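Chemist: Generate coordinates for the sequence data below:
(chains A and B)
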2 protein chains.
Amino acid sequence: MDGSPFSAPQSKISPTETERCIESLLAVFQRYAGREGDNLKLSKKEFLAFMNTELASFTKNQKDPAVVDRMMKRLDINSDGQLDFQEFLNLIGGIAVACHDALLVQPPRP
Amino acid sequence: MDGSPFSAPQSKISPTETERCIESLLAVFQRYAGREGDNLKLSKKEFLAFMNTELASFTKNQKDPAVVDRMMKRLDINSDGQLDFQEFLNLIGGIAVACHDALLVQPPRP
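Modeler: Sure thing, here's the model as predicted:
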């Protein structure tokens, strides 16, 4: 992911936190989706690699090894056995909302 | 946003790129939503401040000043005149998909 979609080559303005975050989402998805088969989709193997690396803190804590399989099935809205970028973002969004609710909606008990 | 939802205080493991990105989404949303009124929602004023700062490269290029208003109306799914975190994520997701399609689905012409 060389070309950053936000900072034009000649501009001195560095991307904002939000822009860096969007770039990261693109870069991370591409890093795993580009490993095999269709470069625009995560195969099951690529999704597993993503979960075991990028979200290891979540994945390692799962007692049921089938949880990642079930997650993929639920995320795979068009049931093509792969996750496109929108389906991948639904995962990120779901985790972000869960963190937001855990951190902010129920403030930690004193 | 002191407590990172991912790196447990005692752990030496730094958050992955995906985890940092989710933390950024939480932090940026909270930075603007916390300015006035309901801390869990972006008011119109807070959304405008977010668009003019975090996504200035997009907002500055809009010829029609009403575009940000229309965006807010479209994002405000429950029409309460504010954007909650999920509605905010829909904006981020929409921009990310637009960038993904522009950068990857149609590779730049040589």
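Chemist: need the strands for chain A, in chain order.
Modeler: A:41-42, A:83-84 (DSSP state E).
Chemist: check contacts around the nearest residue to A:K45 once chain neighbours are set aside.
Modeler: Counting by C-beta to C-beta, 6 or more residues apart in numbering or on different chains, A:E36 is the residue found nearest to A:K45 once chain neighbours are left out, at 6.9 Å. Just so you know, the C-beta spots here come from the backbone N, C-alpha and C atoms, and that holds for glycine as well. Contact partners of A:E36, counting by C-beta atoms under 8 Å, 6 or more residues apart in numbering or on different chains, are A:43, A:45-46.
Chemist: just to revisit the earlier point, make CSV from the strands of chain A and add distance to B:D64 to it.
Modeler: Putting these into CSV (distance: least, C-beta to C-beta, whole Å) gives the following:
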stretch, distance to B:D64
strand A:41-42, 35
strand A:83-84, 31
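Chemist: Out of these, flag the one nearest chain B.
Modeler: strand A:83-84 (9.2 Å; C-beta to the nearest C-beta).
Chemist: Can you tell me what sits against the closest one?
Modeler: A:40-42, A:47, A:72, A:75-76, A:78, A:91.
Chemist: with these in mind, which one is nearest to A:E17?
Modeler: A:L91 (20.9 Å; C-beta to C-beta).
Chemist: The closest residue to that closest one other than its chain neighbours: neighbour count?
Modeler: The spatially closest residue to A:L91, leaving aside those adjacent along the chain, is A:L75, at 5.5 Å (C-beta to C-beta, 6+ apart). Close neighbours of A:L75, defined as other C-beta atoms under 10 Å in any protein chain shown, add up to 18.
Chemist: so A:L75 touches A:L89, yeah?
Modeler: No. Under the criterion of C-beta atoms under 8 Å, A:L75 is not in contact with A:L89, lying 9.8 Å apart.
Chemist: any idea which residue sits dead centre in chain A?
Modeler: Residue closest to the average C-alpha location in chain A (C-alpha atoms, centre = their mean): A:I92, at 4.7 Å.
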